[in-house]
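Q: Fold the following and give me the result.
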Amino acid sequence: MRLAIISDTHMPKGDRALPPACVRLLGEADLILHAGDLVRAEVLYELRAYGELLAVHGNVDDAEVRRELPAERVVELPGGVRIAMTHDAGPSQGRLQRMRLRFPDADALVFGHSHIPLHETDPASGFQLFNPGSPTERRRAPRHTMGIARVEGGRVAFEHVVLDTRDDAPDPGSTA
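A: Numbering: from 1, shown residues only. Alright, predicted model coming up:
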C-alpha cells in the first residue's frame, strides 16, 4: 500500500495551489493522509478528488472543517499497521516519548503544524514520528515537501519528497 502524506496546505490563499508533483503523488497513492491546517472545506473536496482521504483538523481550520474532521485519529492499515494522526504534537523536547505514550498502540504518528519535515524513530520500540512539512508554505523549512510511505509486511516506511513549486521547473518529485 502506498500513502501520500501532506499537511499545512493553508489554502486558499492568493493564487496558492498544490505543486504538480504533489498532485501526481496524491493521485498515485492508495490513501492520502492530511495532518491538518487545510483551512477551508473546499480543500477537503479538492483532495478527495485525487483519492481516498483521511485527515485531522488543525488549529487554523474553519468551523466547517472542524465539524467534518476529528482532532486526532488512528488509521488501521493492512498487516496491522496503525498510524496515529494529530496536527500539533507539541514541543520538540521529549516529543518522541510523549507521543509514544499518548498513542501506545500505534506504530507511527503523522503530524504537522511546524511546517518542518521530520522523521524520527525510537530505537527501543520502533515507533516513528513523521511530519511531511508543507507542499505550499515552507516557512522556516528550506524547501516545500510532502511525504510518501509504503506499508508492507506489517511495517511502514516513510520518506520525504522535495517539491519544486516553480511553474517552469521540471517535475522531479525527488526524495530527500
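
Q: hey, let's count contacts and neighbours off CA atoms from now on
A: Noted.

Q: excluding its backbone neighbours, what's nearest residue 141?
A: residue 116 (5.3 Å; CA to CA, 6 or more residues apart in numbering).

Q: ok, how many other residues are close to that neighbour?
A: Using other CA atoms under 10 Å, the number of residues around residue 116 comes to 18.

Q: just residue 21 next, same as before
A: 21.

Q: That one touches residue 162, doesn't it?
A: No - in this structure residue 21 lies outside contact range of residue 162 using CA atoms under 8 Å: 9.1 Å.

Q: what's the helix or strand for the residue nearest to residue 141?
A: Using DSSP states H and E, residue 116 sits in no helix or strand.

Q: So it sits against residue 138, correct?
A: Yes - if you go by CA under 8 Å, residue 116 and residue 138 touch, sitting 7.4 Å apart.

Q: mind checking pLDDT for residue 176?
A: At residue 176, the model reports a pLDDT of 52.

Q: Ok, residue 68 next?
A: 96.

Q: what's the burial count for it?
A: Using other CA under 10 Å, residue 68 has 12 neighbouring residues.

Q: cool, and residue 101?
A: 11.

Q: sec struct for it, please.
A: Residue 101 falls in the helix class when you classify it by DSSP: H, G, I helix; E, B strand; the rest coil.

Q: residues in contact with it?
A: Residue 101 makes no contacts at all, as judged by CA atoms under 8 Å, 6 or more residues apart in numbering.

Q: so where's this protein uncertain?
A: Low-confidence segments of the chain, defined by pLDDT under 70: 165-176.

Q: all strands for the protein, in order.
A: Using DSSP state E, the strands of the chain run over 2-6, 31-34, 53-55, 72-76, 82-86, 108-110, 118-121, 128-131, 144-152, 155-163.
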